[in-house]
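K.L.:
I need the structure of the sequence given here:
(6 chains)
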4 protein chains.
Amino acid sequence: MSTPSPKRAKPRVAPKAAEPRARDADRSQKDILRAALAEFAEHGLGGARMDRIAERAAVNKRLIYYYFENKESLFLAVLEGAYENIRGEETQLNLTQVEPTEAIRRLISFTWNYYLAHPEFLTLLNSENLHRARHLKTSAKVRSMHSPLVATLADVLARGHRTGEFRAGVDPVQLYISIAGLSYFYLGNSHTLSTIFDRDLLGAKAKVERLSHMTALVLGYLVQD
Amino acid sequence: MSTPSPKRAKPRVAPKAAEPRARDADRSQKDILRAALAEFAEHGLGGARMDRIAERAAVNKRLIYYYFENKESLFLAVLEGAYENIRGEETQLNLTQVEPTEAIRRLISFTWNYYLAHPEFLTLLNSENLHRARHLKTSAKVRSMHSPLVATLADVLARGHRTGEFRAGVDPVQLYISIAGLSYFYLGNSHTLSTIFDRDLLGAKAKVERLSHMTALVLGYLVQD
Amino acid sequence: MSTPSPKRAKPRVAPKAAEPRARDADRSQKDILRAALAEFAEHGLGGARMDRIAERAAVNKRLIYYYFENKESLFLAVLEGAYENIRGEETQLNLTQVEPTEAIRRLISFTWNYYLAHPEFLTLLNSENLHRARHLKTSAKVRSMHSPLVATLADVLARGHRTGEFRAGVDPVQLYISIAGLSYFYLGNSHTLSTIFDRDLLGAKAKVERLSHMTALVLGYLVQD
Amino acid sequence: MSTPSPKRAKPRVAPKAAEPRARDADRSQKDILRAALAEFAEHGLGGARMDRIAERAAVNKRLIYYYFENKESLFLAVLEGAYENIRGEETQLNLTQVEPTEAIRRLISFTWNYYLAHPEFLTLLNSENLHRARHLKTSAKVRSMHSPLVATLADVLARGHRTGEFRAGVDPVQLYISIAGLSYFYLGNSHTLSTIFDRDLLGAKAKVERLSHMTALVLGYLVQD
DNA sequence: TATGAATGAGAATTCATTCAT
DNA sequence: TATGAATGAATTCTCATTCAT
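P.N.:
Alright, predicted model coming up:
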């Protein structure tokens, strides 16, 4: 077996046009995820463009593939990040440490405001549902992220019932879906809704009204006389 | 060089029939719209393929462009058709001719069952919302299609209040959005929801429970003691 | 379902740059196959470029995909065409109608000259072997193309033995492979061979010598005294 | 946004070990050459991937460039190694020390068995021929490696002629090419041949038959009565 | 000697749309 | 009204190679 002596490549001459990006793996990945979140939210999985993600993240397109296998893996990573984010903030509501009625109010209000502040989350979920949760189903962590939420809500309902305030037999998952759905549909479909009903649904006043309507609706149901 | 028999790039689905279709303008258009509805619902606007629509409709791709200017016009036509369909069936509920409580029950149940039977309607709306209702906003007819619905619901609420059954001050648009949202989110997001909550949401029992939960929720709010 | 009136696209204005290609499906496919043969032969399957094939064929790259599913299907089509060609010419040798010894001479000489005139055939086969005949194995027609060849050679050997000229027990497939191999290796590896042996193998004299060597070799074996 | 753990685009094969390899220049180079031989043989020069070579050698990709200028230099190094190997083993046949007929038998048998044991040698040569021996032509050593082989064979033929056993006027290069070609074509094209002739060419029995056929062929030509 | 991070220039393939009949 | 042929502009992904340490 021959053993060639090391050969140097020709020395570089041409100066580089653009500043090379700092060699910070962690930062690069975060930039990519942030950019991808925006892009997927804006255009859906199918409409998202890897080129645009690279541009948004100010990284070389190739780098995306260096860190994430392909578009779909990137999408899943974004999705997991999004769930982590909302569940993380939700945890900080400390629902188990306040009165049941107050806890429900907080949850409704938090959900509403989170969706308002993070419209990307809604379109992201829509995309994933269009794909029948194909990506999420391969996620190991997503399931475990949600059991605490259910447990917390179950605790609130149980406490409410024990004090006689809340009606009995309320399924926490069912209730959570209702609370989320009331905000989700209104905000996620605000464009079509405001078109077909010819009415501004996102004005300051409208938003106040919606939150109070939702709260009244849920508590009107939960609270016994 | 011998002359190879043409090796058509096999279209994903079935090859088209050799003989030209009978010249029936009306039927062709309906076939196209039906096919497009299915395709858009399955893949979203961005993911839909004109090729596949042509195949599904069993028409030549060129014919689609003959009847519909382009992909986006076709999408709008599909969208309008979808709204026409649900509003048409809704009208047949005759909500103004039954007791207010029964009217609400019927509306909830109808909405739920319609979404169940027409999942394509949900993804279609999601697509349109992703595009900020860009297409719908150019539609002349869609607005007028919705005022009867609001009027009907307002009538139900007014009657309910007059009899003392229903609480006062309920905004019909607000209520409609809530009723729709309760079904919409549950069904439209059933893939992600059943994944994250690790629970079958579409089993026979689950569906019965959901309908009864939604009805209890809305009536628990509306009906006074 | 709405029935929109046909809408015409905006009339074209801009004049086209290049002559549009004549609408001749058959000719287009042949052009593509011819170009692909040259490209695959020159660069192998992996090194071939669809872009270059399109250029060589003077067709739009997209058209290749219109007629052939992808690079590999195109490769198979080329391969089948190449086999058809050599087997077709071989048939015209009329080996069953001449004396056995003469038949063998003709076959050796034909094989040699065919490979000389069609070096692409050799590299094409090398490519396919590199891929373990992956493409050829899916070909329905290639097998049936070769049984006549074996039958013909078997007939020649049988006749030769009957007259006492040829030795007994010669396997026609074995002999065919030997005859082909003697030319194939010399010509297909002429570049490395002439390098390592430092000798021009493709000069006029060398070619005459090779053919006579091969003929002597094979007949020296076959013919009995 | 949470900080996701790096999701490396999974390389096709196994992930590299975390700790840097021991600093052993000689071993690294040999590992690289071994890996490159396998990769080039399997995929050809064009189809070979530097990434895979690095994985196979369990070295960092960058290290390959440290020892070998680029892909093509690496290919040449591999090629030279391959020739060194076969010529080295060939030398040990001691053809000048046995009877001419026996020498020829040994050479045929050795060639056959070497190709059988080293199929990578065949595809490597095919690759180099596809590139018109571009790399080999720059090799200083390869020519000198082959003159002994020719000399040895010339000696065998001369001895054989002197004893009256062998026919006169046999060119050693010509004969060597024939002997090599008989094995080379059969083995290197076994995939296509076994497909077109619909016959297993690599079974134990087939291999025995081939070797005896080749020996009979060559000796039937060489040996005089 | 060794390595993780980064990149520019392609590569195959896709897609909505138009041409010519 | 209907269709097969053709195309330009993307789009995802790949690859050899280099940078910085």
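K.L.:
quick check: residue A:139 touching residue A:81?
P.N.:
No. Using C-beta atoms under 8 Å, residue A:139 is not in contact with residue A:81, being 11.1 Å away. Bear in mind the C-beta positions are built from the backbone N, C-alpha and C, glycine included.
K.L.:
got the residue ranges for the helices in chain A?
P.N.:
A:25-47, A:50-57, A:61-67, A:71-91, A:100-117, A:119-130, A:141-162, A:172-188, A:190-196, A:204-222 (DSSP state H).
K.L.:
which stretches of chain A have low pLDDT?
P.N.:
A:1-22 (pLDDT under 70).
K.L.:
domain parsing for it?
P.N.:
Annotated domains of chain A cover A:21-68, A:79-222 [automatic domain parsing].
K.L.:
measure residue A:75 to residue D:206 for me?
P.N.:
The gap separating residue A:75 from residue D:206 is 52 Å, by C-beta to C-beta, to the nearest Å.
K.L.:
could you do residue A:136 as well?
P.N.:
From residue A:136 over to residue D:206 (counting by C-beta to C-beta), the distance is 54 Å.
K.L.:
so the two - more neighbours on which side?
P.N.:
Using other C-beta atoms under 10 Å in any protein chain shown as the criterion, residue A:136 and residue D:206 rank with residue A:136 on top: 22 against 17.
K.L.:
isn't residue A:194 up against residue A:200?
P.N.:
Yes. Counting by C-beta under 8 Å, residue A:194 touches residue A:200, with 6.0 Å between them.
K.L.:
just want to know which of those two has more residues nearby.
P.N.:
Counted by other C-beta under 10 Å, residue A:194 and residue A:200 do not tie: residue A:194 has more neighbours, with 17 against 11.
K.L.:
just give the number of residues close to the closest residue to that one other than its chain neighbours.
P.N.:
Distance criterion C-beta to C-beta, 6 or more residues apart in numbering or on different chains; nearest residue to residue A:194, sequence neighbours excluded, is residue A:201 at 4.6 Å. Here the number of neighbours of residue A:201 (other C-beta under 10 Å) works out to 20.
K.L.:
tell me the contacts of residue A:201?
P.N.:
If you count contacts by C-beta atoms under 8 Å, 6 or more residues apart in numbering or on different chains, residue A:201 has them with A:186, A:190, A:193, A:194, A:210.
K.L.:
hmm, the first one is touching residue B:182, no?
P.N.:
If I follow you right, that is residue A:186. No. With contacts counted by C-beta under 8 Å, residue A:186 stays clear of residue B:182, the gap being 11.2 Å.
K.L.:
now do the buried residues in stretch A:97-112.
P.N.:
By 16 or more other C-beta atoms under 10 Å in any protein chain shown, the buried positions in stretch A:97-112 come out as A:100, A:101, A:103, A:104, A:105, A:106, A:107, A:108, A:110, A:111, A:112.
K.L.:
if we can go back for a sec, how about the domains of chain A, which one is nearest residue B:216?
P.N.:
Each of these has some distance to residue B:216 by C-beta to C-beta; the shortest is domain A:79-222, at 6.5 Å.
K.L.:
the closest one near DNA strand E anywhere?
P.N.:
No. Using C-beta under 7 Å from any atom of the strand, domain A:79-222 never reaches DNA strand E; the gap is at least 14.4 Å.
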